[in-house]
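Engineer: Coordinates for the following, if possible.
(chains A, B, C, D and E, ligands or ions: 4)
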Amino acid sequence: EDMPGVTATSIKIGQTEAYSGNASAYGAIGRTLTALFKSVNEAGGVNGRKIDFISVDDGYIPPRTVEQTRRLVEEEGVSFMFNALGTPTNTAVQKYLNMKKVPQLFVATGADKWGDYQRYPWTIGYQPSYRTEAQVYAKYILKTAKAPKIAILFQNDDFGKDYVLGIKDVLGSQYDTLVVKAVSYESTDPTIDSQIVTLQSSGADTLVIAAIPKMAAQAIRKVYDIGWHPLEFVSDVSVSVGAVIKPAGVEKAVGLITGLYGKDATDPAWANDPGMNEWRAFMKANMPDADLTDANYVYGYGVGLTLLQVLKQCGNDLSRANIMKQATNLKDLEIPTLLPGIKVNTSPTNYHPIRQLQLARWNGKTWERFGEVISGAGS
Amino acid sequence: MLLEIRDVAMRFGGVVALAGVSFDVGRREICGLIGPNGSGKTTLFNCISGIYRSTAGSIRFDGHLLTGAKRHRMIGYGIGRTFQNLALFRTMSVRENILVGAHHFGRAGFIASALRAPGARAEETSARQRLSTVLDMLELGAVAEHLVASLPFATQKRVELARALISSPQLLLMDEPAGGLNHSEVDQLADLIRAIRDRMAISILLVEHHMNLVMRVSDRVVALEFGSKIADGSPATVQSDPEVIRAYLGGGVHAQAA
Amino acid sequence: MAGTRMLAIMAGLACAVAIAFALSGYHLFQLTMVVTYAIAILGLNIVTGYNGQISLGHGAFYAIGAYVTAILMSNYDVPYWATLPVSALICAAFGFAFGLPALRLGGLYLALTTFALAVALPQLLKYPALEPWTGGVQGIVISKPEAPLGLRLSGDQWLYLFTLAVGAVMFLLAANLLSGRIGRAIRAVRDNPIAAEAMGVDLALLKTRAFAVSALYTGVAGSLGAIAVQFVAPDSFSVFLSITLFVGLVVGGVASISGAIFGAAFIVFVPNLAEQVSKAAAGAVYGVILIGFLYFIPSGFAGMARRILQRMIPQRPAMLVRTEVGVRENGHA
Amino acid sequence: MIGLLHQILSGLVTGGIYASVALALVMIYQSTHHVNFAQGEMATFSTYIALALIEAGLPYWGAFLATVMISFVMGAVIQIVLMRPMANAPVLSSVGVFIGLLLVFNSITGWIFSYTIKSFPSPFEASRPLLGGFLSPHELGATVVTLAVLVAVYLFFRHTKLGLAMRAAAFNPVSSRLVGIRVGHMLALGWGLAAALGAVAGMMIAPVVFLDPNMMAGILLYAFAGALLGGIDNPAGAVIGGFAVGVIENLGGAYVVGTELKLSLALFTIVAVLVFRPNGLFGRVLVTRV
Amino acid sequence: MPKLLEAIGVHAAYGASKVLHGIDFMVEEGGVTCLLGANGAGKTTTLRAISGMVRTSGEIHFAGARIDGRATEDIARAGIAHVPDGRGTFMELTVEENLRLGAYTRPDRAFRDDLAHVFDYFPRLQQRLHQQAGTLSGGEQQMLAIGRALLLRPRLLLLDEPSFGLAPLIVEEVFDILHRINREQRMSILVVEQNANLALAISERAYLLETGRMVMAGSAADLASNEAVRRSYLGF
Ligand SMILES: Nc1ncnc2c1ncn2[C@@H]1O[C@H](COP(=O)(O)OP(=O)(O)OP(=O)(O)O)[C@@H](O)[C@H]1O
Ligand SMILES: Nc1ncnc2c1ncn2[C@@H]1O[C@H](COP(=O)(O)OP(=O)(O)OP(=O)(O)O)[C@@H](O)[C@H]1O
Ligand SMILES: [Mg+2]
Ligand SMILES: [Mg+2]
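Structural biologist: Ligands and ions are numbered 1, 2, ... in the order given. Take a look at the predicted model:
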């Protein structure tokens, strides 16, 4: 059978990653994966094959993603693309990869659209979509308050806008009455103080913060400082105790709610967790200089393990079709860095591998999970 | 009269550079303009060529009212000029510098130029013909391909003159053309200026501190001080005018140099 | 001299065409991008290199061109080639309009203004009211043109040859423009605006038109880029694009036509080179290469080429034999 | 009404950030006639150095001083090693070098110090925020520091011989040498001072916006805009410009066009002002005559 | 009189084009030396060579020390002031700032005293003290350039066509002033000047430069009586 990128002893896998440019923070994911596959290779590889992982820089610029992806597919002849970073970047190559029938596995973006198995059968997402997450928050808000007055702070891009969409999904026609103010910011804005002031003066009593860590930390601090006490939600992107809560002030974040699916390395709750210890051991052995408060290392490790499972399931049939088949046939896979009870599940009609969340509240020391694990559906 | 200057005044904040100057320049006349440093000569040039908008008064040229007219139109009216402190296009060759002086003859715009339309080509050919005449006349042929910045000062001044001449002006404004020339070179320049006037049948308004030159070539001399006219007449009368001697010439060798 | 140059250009073109049949799709895609960026850099060079108006925001015109093509292709089913003239016109209009206020600003102030345009444009593209056309943050995916019937070329080959043809025509037009009356005026304005005006150059008109032509070039490049990449989104056109074009300009050589090609090759290939050196600090490696390049060759590829040529062809001495000032008998009529 | 007041206040606070960076830009412009696009990234790098020093146990002000000095040396060394040999290069090429420097500093900072945001201590921290939370003691302190720096820069350029010599060296290096000014030293000094001012700005800004390698990316544009709005040759103008940009941006975003276009609106306003005052609100009009 | 400045076999070039072909000349301590030459002969280049503004070979000694190859600013600090051709005005600065820069290497008090002298010579400058120097008239800028150089209180003053653009009355005054300064302060002067009559009148030594070579050297009186010089430079 035709198995591009595969030899008797190796399999070539491609990834585009932002090693330079504005999003270079995410380069940590690529580096984690590189280290992970290297350590796997040292231990003999998967099913006797070494993983030849080619992770290249696209600077988070779509035209370069196209160029690099084409290089990986046409020149390097990779078997498939794995965990490429970014929504616009992946969008730029989605059509190309699907036309060439090259699997686009577990893309590193929380946009909702990666679950569209009918139009793009060769593309599959990974983490819970932002939209699903927002739906969970909206449902929770409706459950706890009679007539909430909701304010939303969102990043003016696909990431932020997915939260607005998710809330709209749940509120439906009530959206315009319940959401009293939604304001955006640009990821390059120095501060979001003005937005918080605007949101406060709208009279809202509930605030959803769909922001990256820096802005989330600023928002949490500012909300507290101006003496506003809304029911406050923050995107799962910004739950890091080290990168968000501590900078904002641990006491200023008390009461903050989020939906979690993974474990945060800086949360004391996981100090002795076996799963996280496994990750720590990996980091110590393979990336001793890395900053352990950076959530990207945890993420990269988790998604890497997921891929290893897919490869294991493939056995010796590493045709692109089978790889896609196995990637869409993961059953209750447990990943040590995911929250207890949250499992990876895919099927030919479910291209959202992680679709569970659990709400958690910051109690001043740690994220305290409450309620049950909620399964959101990709919309 | 070709050029009529009436009560032209120019002030910069508190500085009064011109305080109401009136005089005329006739056709085919060479008019010398002298005066102490800072008496407003260059400022008057700038008013005529539209670089400054005079604060009062009027300037007429060949029937057109120049005051208020657009700067880039002046050359089309027939006013060519050189500058006191070289204003050349430093990164361009002598040839290109001079050709810019022929810009106003052309009509070819962006599209015609880009397409090398026949009209544009014809214009370019005629500009090059003018160019070779001017190059010959000012003996700049040998340096035509040189960058102007590397040439001696006086040669650069000559390039400026060529650039003004290629535009076929009716009035040529020359601001200190003799700067940096030695005695015999000044003599040659004097011949050149007269020759230009005779061959091209144009008027010349000449600012110069080199009395030798001014007195030799001018048909008439106007003297300014503090932005006002203090004398106007034949070279000999102006030169012996006590006011002019007090304010400008002093009693030294210059006064008699002519 | 002019003849050998013509010959060299024809030979270069012939090679460029021949390459289409020698390389694989991915490499052709890269070369297509080189030609595209070369056109964009040439556009930037017209306004910044030749006319002396510093623009740090030409990415904005590139983006407008790209979006015009994408919108026409996806919303109105216009064939890809027919979008080029439309995009050229629209970008020229934008450039002209933008050039009007920019006229009054010099140096840094203009640099800021253009930079601001480049920063603001992605946000404008995301603006909700424009979403029906621009697709908002999601952008627009367009389909790749195929070779016209009868030509047995792959899509990549065809697209490359098409881009090359457009590029060749645009380079030729630019060369004509810059060597003639208008070109001299454009440079004269850069060197000495006051004198240029005194020589009859209408500054306002010339500068705004130069801006328009420059925007037109960059816009057409944007269109070609959109067709090649098959996707436009606000993130494709961040300020980084403008800065990249500027880097291409400087590296290729200010006020040089052929330099644009080298500059384009630099901005396409060097980032890949940089990341091969170090993933951990790809940006730093790119920066070091860029600095090193400018450190050793401050006047860019074109400047270096010029110097080598000068060394090969002995120049007449720059010193002038003194000529007597005088008039020949056959003076001016 | 109270909302408006709050918007203005928070605009002033953000404006203070722009103002402090704008001052550094004025510094380098006055002393080299360049605008160094890498200035922001250099300042960020300096701030990380300060953090490292503080984490190594230095008291705040000790680290502050050490950072200012290290940054000064860093700026001067860059000038001597990189820019000096390029003294005769075309201006646009030096802009290319600045872009290269920006990439290098940004990437190196991320590489050495990681991309996770970090909080940076403030020397002005008190127990409670002022004015109902709309002004923190740090923001007040930082503004005072900016104003103090402004006064120092102003006095330096206008009333010291060295300041005059630095301006002269930037305008006309050839003539400066003829009167005995060591132009090379002046340029190195200018880069050093600009880097030092950048470091001060960085250390004042980091507690507000948190420290990350891209901390200055957004700020620099606003600072640039503020400096030009006020007049790039006028330190006081640049500071006023910086504050004005902060306020315009907030008010526009909150009341006029919505946050999506607030940056566009702010920039548009500035450009509009510049069209009418091409040298900025307080810039000196320099005449070139023939 | 001892030699203050001596040049031996000086060559100079701009890039590839050679301009000076091994010239020798000297300026005596306390003396005035005049350099004549046609347009483009290399007079300006000679002064630039002294000030270290062009690439040279050969030897230049000043006050007993070699100065060739040294930086322009060091040469200025060693006591050589240069009124460059084109005047070298700091266009963007005010007249006052221009003058202060002239005295950059000297203490402030000395500056204030000398400034009074400069105003005495050129009252015009005092009236224009706070004007942007770039807006001065050509002649006013020439006065500024001379004033600026005097404020350095040099041992040797290099003047590149000091009469350039000055009104006749002022030209005479300038030469009077130079003569006076030379006498009173024993400031040595090397002057390049097209107004050979005046220049030779205040000079003791004179040189004639042609296309980069010294073709004549001697006392000012010798040159003034030379037939060729008279025809080309003196006009009688
Ligand atoms: N733009 C300006 N701003 C302020 N003052 C100016 C400006 N232009 C000229 N002046 C002043 O106006 C006066 C006249 O200057 P102008 O250049 O016309 O003199 P001039 O007669 O040409 O002198 P020169 O013989 O020295 O060239 C001068 O005192 C000058 O300082
Ligand atoms: N910057 C330069 N680059 C190249 N060549 C130059 C440069 N400056 C002067 N030259 C050339 O050097 C030669 C001598 O010039 P220089 O200025 O020394 O002459 P000069 O005797 O002072 O004449 P004048 O002042 O009357 O023009 C000239 O041929 C000139 O073209
Ligand atoms: Mg004058
Ligand atoms: Mg000279």
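
Engineer: where does chain C dip in pLDDT?
Structural biologist: Across chain C, the ranges flagged by pLDDT under 70 are C:1-2, C:313-333.

Engineer: The longest helix along it near chain D anywhere?
Structural biologist: The helix that spans the most residues within chain C, counting by DSSP state H, is helix C:203-229. No. Legend: contact between helix C:203-229 and chain D by CB under 8 Å from any CB of the partner chain is lacking; minimum distance shown is 13.2 Å. Heads up, the C-betas are built off the backbone N, CA and C, glycines and all.

Engineer: How far does stretch D:125-141 sit from its chain's centre?
Structural biologist: Relative to the mean C-alpha coordinate of its chain, stretch D:125-141 is positioned 23 Å out (CA atoms, centre = their mean, to the nearest Å).

Engineer: Which residue would be the closest one in chain E to ligand 1?
Structural biologist: residue E:139 (2.7 Å; CB to the nearest ligand atom).

Engineer: need the contact list for that residue.
Structural biologist: B:36, B:37, B:38, B:209, E:165, E:166, E:167, E:170 (CB atoms under 8 Å, 6 or more residues apart in numbering or on different chains).

Engineer: ditto for residue E:154
Structural biologist: Contacts of residue E:154 (CB under 8 Å, 6+ apart): E:79, E:80, E:81, E:187.

Engineer: Among those residues, name the buried ones.
Structural biologist: E:79, E:80, E:81, E:187 (16 or more other CB atoms under 10 Å in any protein chain shown).

Engineer: Of those, which pair is most distant in space?
Structural biologist: Spatial extent of these (CB to CB) is set by the pair E:80 and E:187 at 10.9 Å.

Engineer: list residues touching both of these two?
Structural biologist: E:154, E:155, E:156, E:157.

Engineer: which among those gets closest to ligand 4?
Structural biologist: residue E:157 (16.4 Å; CB to the ion).

Engineer: Quick one: name the residues of chain B near ligand 3.
Structural biologist: B:42, B:84 (CB under 5 Å from the ion).

Engineer: on that earlier part again, just put the contacts of residue E:139 in a markdown table and tack on distance to residue D:155, pLDDT and secondary structure.
Structural biologist: A markdown table is the format used below for the contacts of residue E:139 (distance: CB to CB, whole Å; pLDDT from 0 to 100; DSSP: H, G, I helix; E, B strand; the rest coil):
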| residue | distance to residue D:155 | pLDDT | secondary structure |
| --- | --- | --- | --- |
| B:36 | 39 | 95 | coil |
| B:37 | 35 | 94 | coil |
| B:38 | 33 | 93 | coil |
| B:209 | 43 | 95 | coil |
| E:165 | 37 | 91 | coil |
| E:166 | 38 | 92 | coil |
| E:167 | 40 | 94 | coil |
| E:170 | 38 | 91 | helix |
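
Engineer: show me what contacts residue D:78?
Structural biologist: Taking CB under 8 Å, 6+ apart, one finds D:101, D:191, D:195 in contact with residue D:78.

Engineer: what do you get for residue B:36?
Structural biologist: B:225, B:247, B:248, E:139, E:167, E:169, E:170.

Engineer: mind redoing it with 6 Å?
Structural biologist: Counting by CB atoms under 6 Å, 6 or more residues apart in numbering or on different chains, residue B:36 touches B:225, B:247, B:248, E:167.

Engineer: For burial, what's the neighbour tally of the residue nearest to it when sequence neighbours are not counted?
Structural biologist: Closest residue in space to residue B:36, ignoring its immediate chain neighbours: residue E:167 at 4.6 Å, by CB to CB, 6 or more residues apart in numbering or on different chains. Neighbour count of residue E:167, defined by other CB atoms under 10 Å in any protein chain shown: 23.

Engineer: Surely residue E:167 and residue B:209 touch.
Structural biologist: Yes. Here residue E:167 reaches residue B:209: they are 5.4 Å apart, a contact under CB atoms under 6 Å.

Engineer: Mind checking which of the contacts of residue E:154 are in strands?
Structural biologist: E:80, E:81 (DSSP state E).

Engineer: Walking through chain C, point out its helices one by one.
Structural biologist: C:2-19, C:25-44, C:58-76, C:80-102, C:107-126, C:131-134, C:155-179, C:181-191, C:193-198, C:203-229, C:239-252, C:259-277, C:282-296, C:300-312.

Engineer: give me the low-pLDDT residue ranges for the chain?
Structural biologist: Defaulting to chain A. For chain A, the stretches flagged by pLDDT under 70 are A:1, A:376-379.

Engineer: that's the other chain; I wanted chain D
Structural biologist: Those would be D:1, D:126-129, if you go by pLDDT under 70 across chain D.

Engineer: pull the longest helix from it.
Structural biologist: Longest helix in chain D, counting by DSSP H: helix D:2-32.

Engineer: And it, what's buried?
Structural biologist: D:6-32.

Engineer: Does anything pack onto it? Which helices or strands?
Structural biologist: helix A:193-201, helix D:137-159, helix D:161-171, helix D:183-209, helix D:215-230, helix D:235-251 (3 or more CB pairs under 6 Å, 6 or more residues apart in numbering or on different chains; DSSP states H and E).

Engineer: Among the ones you listed, which comes closest to residue E:195?
Structural biologist: Closest of those to residue E:195 is helix D:161-171, at 30.4 Å (criterion: CB to CB).

Engineer: Does chain E have contacts with that closest one?
Structural biologist: Yes. Looking at helix D:161-171 against chain E by CB under 6 Å from any CB of the partner chain, the contacts come from D:164, D:165, D:168, D:171.

Engineer: Drop anything exposed from those.
Structural biologist: D:164, D:165, D:168, D:171.

Engineer: Surely the second one and residue D:182 touch.
Structural biologist: So that's residue D:165. No. Counting by CB under 6 Å, residue D:165 stays clear of residue D:182, with 8.6 Å between them.

Engineer: is chain A contacted by the longest helix of chain C?
Structural biologist: Yes. Using CB under 6 Å from any CB, we find that helix C:203-229 touches chain A at residue C:229.
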